[in-house]
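Asks: Provide a 3D model corresponding to the input given below.
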Amino acid sequence: MATRVPFRPVPHPELPSETPPRAPVPLGEFRSLMSGFATGVAVVTTLGPDGCPYGLTCTSLSSVTASPPILAVCLTTQGETLRALLDCGAFAVNLLHEQGQHAAEVFAKPVADRFAEVVWQPSPNAGLPRLAEDAFATAECQVTRVLEVGDHTMVLGMVTGVTQTPATPLLYGGRRFAVWPDGEVPQPPSVPAVTPLPSSLPGSPC
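Replies: Down below sits the predicted model:
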């Protein structure tokens, strides 16, 4: 189980040692700002101790380092998906294609059984929930570090396996879904359908 590390600001040696405190902008202003930052759409999934799947829609996803391959997701600290993820020690990032809007909406709402609304299957290496019909790529990740920041928790994960097929990504920005115009989608370099890395987890991660 990963250990949570509370966020503590560390002063930069070249900055003044005493900076006058400033109030943050109002929540509405911050949300308005971030709504203008268009991103892809992902569903983060994991398994609970009893093998039940958990997941939620996440647009707060970013790469951190290429060597080793580390990515970061930010999840609400009080959510049940985060609790299951930390118990499991592993998670999957499902990148949705243009037909995946329904899945994005299902996993963004308090639905009683989200996985009953989609088709899913165990990922090939770690057995994590993969959205077979809605995701064009799935990254299997092993938790390496957890950092609490405000009302969210940042989870760093090392990518241990990738499943990927060519598709048009689903986008989200300005509080609405969108896709690239036809013929303008940049395609990633061709890779095998399943690309396990040497550190992939054997069997079920929980």
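
Asks: ok, how many other residues are close to the residue nearest to residue 85 when sequence neighbours are not counted?
Replies: Distances taken as C-beta to C-beta, 6 or more residues apart in numbering put residue 46 closest to residue 85, at 4.3 Å, once the chain neighbours are dropped. Every C-beta, even on glycine, is put in place using the N, C-alpha and C of the backbone. Using other C-beta atoms under 10 Å, residue 46 has 29 other residues around it.

Asks: so who does residue 46 touch?
Replies: Counting by C-beta atoms under 8 Å, 6 or more residues apart in numbering, residue 46 makes contact with 53-55, 81, 84-85, 88, 90-92, 128-129.

Asks: checking it next. Helix, strand or coil?
Replies: Under DSSP: H, G, I helix; E, B strand; the rest coil, the three-state class of residue 46 is strand.

Asks: quickly list what it is bridged to.
Replies: residue 54 (DSSP bridges).

Asks: what's the pLDDT at it?
Replies: Here, the pLDDT recorded for residue 46 equals 98.

Asks: kindly report the same for the one 5 residues further on.
Replies: According to the model's per-residue confidence, residue 51 sits at a pLDDT of 93.

Asks: roughly how far does it sit from residue 129?
Replies: Per C-beta to C-beta, to the nearest Å, residue 51 is found 10 Å from residue 129.
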